[in-house]
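J.: Quick one: sequence and predicted model below, then my questions.
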Amino acid sequence: MLRIHGSPKSRAVRTLWVAAELGLAYDHNDMLPRSPGTRSTEYLALNGNGRVPTIEDDGFVLYESMAINMYLAKKHNSPLYPKDPRNEALMWQWSLWETDRLDRQLVNYVNHTGALPEAQRDKAVADAAWAEIPPAMTVLNNALSKAKWLAGDDFSVADLNVAGALFRGLSMDLSAWPHVAEWLARCWARPAAQKAKAMREA
């Protein structure tokens, strides 16, 4: 049976979202990042990075949420995994692009402008993160001005991976990037996304 390690209040929300899209049954180890469980001998034997999410799938261990989502969609022969090699490549492109251009930057910006207690916020960290966000969002907005989805004519793991990583964007003013705002709202309006979001906000 599939076992998902990681709290929905972490990057594991992306994996919980894809599991809901695929209708998968799973056992959930709801574990926050940097919690004691992530430093346990048992968990470090699965993921030496001590991070979440990690999955165990009938003895197969995999970590990194983007890779997990691609694996699960492909394994279950889901339409979420593009069959056309070009759209598959676009899925890889956008997933890898997001991890480099927006993932850490959005986390740092949101944390240091409001999510963290005021005493822990660092304006320099927030400013450095913001300097990278508008150019990346403009790239994404331009792409979405030409296509409804990121990798072909239908919603796919490309959209799920990037929109999942942009969860914090739901609370930001995205008026400068209207195509991103519309696409992000559309992605998170999906029933499976709403289920993952409810888990995160519980």
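T.: Nice, thanks for sending it over.
J.: Would you mind listing the buried residues in the lowest-mean-pLDDT helix or strand in the chain?
T.: Least confident element among the helices and strands of the chain, by mean pLDDT, DSSP states H and E: helix 104-110 (a mean of 93). For helix 104-110, the neighbour count (16 or more other Cβ atoms under 10 Å) marks Gln105, Leu106, Val107, Asn108, Tyr109, Val110 as buried. (Each C-beta comes from the backbone N, C-alpha and C, glycine too.)
J.: how far does that helix sit from the chain's center?
T.: Taking Cα atoms, centre = their mean, to the nearest Å, the mean C-alpha location of helix 104-110 is offset from the chain mean by 13 Å.
J.: Name the next helix or strand downstream of it, please.
T.: helix 123-144 (DSSP states H and E).
J.: State the next helix or strand along the chain beyond that following helix.
T.: Assigned by DSSP H and E, the successor of helix 123-144 is helix 157-165.
J.: just checking, what packs against that next one?
T.: Packing contacts for helix 157-165, counted by 3 or more Cβ pairs under 8 Å, 6 or more residues apart in numbering; DSSP states H and E, involve helix 12-22, helix 65-75, helix 85-98, helix 178-188, helix 191-201.
J.: rerun at 7 Å
T.: Packing contacts for helix 157-165, counted by 3 or more Cβ pairs under 7 Å, 6 or more residues apart in numbering; DSSP states H and E, involve helix 12-22, helix 65-75, helix 85-98, helix 178-188.
J.: Residues in contact with the second one: which ones?
T.: Read that as helix 65-75. When contacts are defined by Cβ atoms under 7 Å, 6 or more residues apart in numbering, helix 65-75 is touched by residues 11-12, 14-15, 18-19, 22, 53, 55, 62, 80-81, 95, 99, 157, 160-161.
J.: Okay, domains of this protein per the record?
T.: Following the assignment in automatic domain parsing, the chain carries domains at 2-79, 85-190.
J.: and the end-to-end length of the last one?
T.: So that's domain 85-190. Across domain 85-190, the terminal residues are separated by 26 Å (Cα to Cα, to the nearest Å).
J.: ok, now the shortest one?
T.: Using Cα to Cα, the span of domain 2-79 from its first residue to its last is 20 Å.
J.: any idea how far it is from the chain center?
T.: The chain centre lies 12 Å from the centre of domain 2-79; the measure is Cα atoms, centre = their mean.
J.: Contacts only, for Val157.
T.: By Cβ under 7 Å, 6+ apart, Val157 lies in contact with Asn69, Met70, Ala73, Leu80, Tyr81, Met91.
J.: one step back: outside of the least confident helix or strand of the chain, which residues touch it?
T.: Val125, Ala126, Ala129, Trp130, Glu132, Ile133, Leu166, Arg168, Gly169.
J.: Let me have the domains of the chain in JSON lines, extended by distance to Ala198.
T.: Output for those, formatted as JSON lines (distance: least, Cβ to Cβ, whole Å):
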{"stretch": "domain 2-79", "distance to Ala198": "9"}
{"stretch": "domain 85-190", "distance to Ala198": "11"}
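J.: Ala202: which of these is closest?
T.: domain 2-79 (7.7 Å; Cβ to Cβ).
J.: Distance of the closest residue in space to Cys187 that isn't next to it in sequence relative to Lys74?
T.: Using Cβ to Cβ, 6 or more residues apart in numbering and skipping the chain neighbours, the partner closest in space to Cys187 is Ala163 (3.6 Å). Distance, Ala163 to Lys74, using Cβ to Cβ, to the nearest Å: 19 Å.
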